[in-house]
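> Sharing a model that was predicted from the sequence below.
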Amino acid sequence: MMDKKIICKNCKNEFVWSVQEQELYNHRELPPPDYCPICRGIIEARSKDSARSKYERRT
Ligand SMILES: [Zn+2]
């Protein structure tokens with residue numbers, strides 16, 4: 001296996017999908033990532049924020 005280069009669907013930057021990560025994804029039977037690690041972090045933080053705001057609205 002070799003490192004692969006993927007274009008992030010969010011910021012359009014090219015990022016390296018490392019062999020280690022590919023093995024992890026294969027092991028978990030996940031599809032290749034669409035977003036770079038930075039955007040994945042942002043998306044995760046956003047989803048946490050929306051979950052929190054829902055909770056806060058409810059209480
Ligand atoms: Zn990105």
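Nice, I can see it.

> would Lys5 count as being in a helix?
No: according to DSSP: H, G, I helix; E, B strand; the rest coil, Lys5 belongs to no helix; its state is strand.

> Excluding residues flanking it in the chain, which one is nearest the residue sitting nearest the centre point of the chain?
By Cα atoms, centre = their mean, the chain has its centre lying nearest to Arg40, at 3.3 Å. Nearest non-adjacent residue to Arg40, counting by Cβ to Cβ, 6 or more residues apart in numbering: Pro33, 6.8 Å away. To be clear about C-beta, it is placed using only N, CA and C from the backbone, and glycine gets the same treatment.

> give me the element that neighbour is part of.
Per DSSP states H and E: Pro33 is located in neither a helix nor a strand.

> Let me see the contact set for it.
6, 17, 21, 25, 40 (Cβ atoms under 8 Å, 6 or more residues apart in numbering).

> Dihedrals phi and psi, it?
Phi and psi for Pro33, reported as degrees, to the nearest 10, are phi -70, psi 140.
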